[in-house]
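Undergrad: The following block contains a protein sequence and its predicted model.
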Amino acid sequence: MESSADLMHKLMHDGRNDELCEKLLPLMKWLFAEPNPKGVNTALAMMGEVHPVFRLPYYPYSEELRMQGILRLAVELCHPFLSTRM
């Protein structure tokens, strides 16, 4: 299983990779489902990388969007460190 860091390294340094791009496209669409950084912040909080502190006008994704994110991260990227708590 490749880590997220390995996937990011491939995207940045290994040239064009249509298969990897196709695999990550649903995640990218989820991360930017709303036009602000809350998708990235929500994902980092879900993975336990940051404390879930959001100040207005930003707030976490809705529970429905978070569940979609869990599925995308867990199924498509096989990320083992997800939490449904926020």
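TA: Done, it's in.
Undergrad: C-alpha from now on. contacts and neighbour counts both.
TA: Will do.
Undergrad: neighbours around Trp30, how many?
TA: 18 (other Cα atoms under 10 Å).
Undergrad: swap that for Lys23, please
TA: Going by other Cα under 10 Å, the residues that sit close to Lys23 add up to 13.
Undergrad: just Met46 next, same as before
TA: Applying the criterion other Cα under 10 Å, we find 22 residues in the vicinity of Met46.
Undergrad: ok, it to Arg16 distance?
TA: Computed as Cα to Cα, to the nearest Å, the Met46 to Arg16 distance reads 29 Å.
Undergrad: ok, which stretches of this structure are helices?
TA: 4-13, 18-31, 38-46, 63-71 (DSSP state H).
Undergrad: Format the ones you listed as TSV; extra columns: distance to Phe54 and mean pLDDT.
TA: As requested, those are exported to TSV (distance: least, Cα to Cα, whole Å; pLDDT from 0 to 100):
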stretch	distance to Phe54	mean pLDDT
helix 4-13	24	75
helix 18-31	16	81
helix 38-46	8	83
helix 63-71	15	84
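Undergrad: Mean neighbour count, those helices: which tops it?
TA: Between these, helix 38-46 has the highest mean count of neighbours, a mean of 21, where neighbours are mean count of other Cα atoms under 10 Å.
Undergrad: re the thing from before, including distance to Val53, could the helices of the chain go into JSON lines?
TA: JSON lines is the format used below for the helices of the chain (distance: least, Cα to Cα, whole Å):
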{"stretch": "helix 4-13", "distance to Val53": "23"}
{"stretch": "helix 18-31", "distance to Val53": "17"}
{"stretch": "helix 38-46", "distance to Val53": "9"}
{"stretch": "helix 63-71", "distance to Val53": "15"}
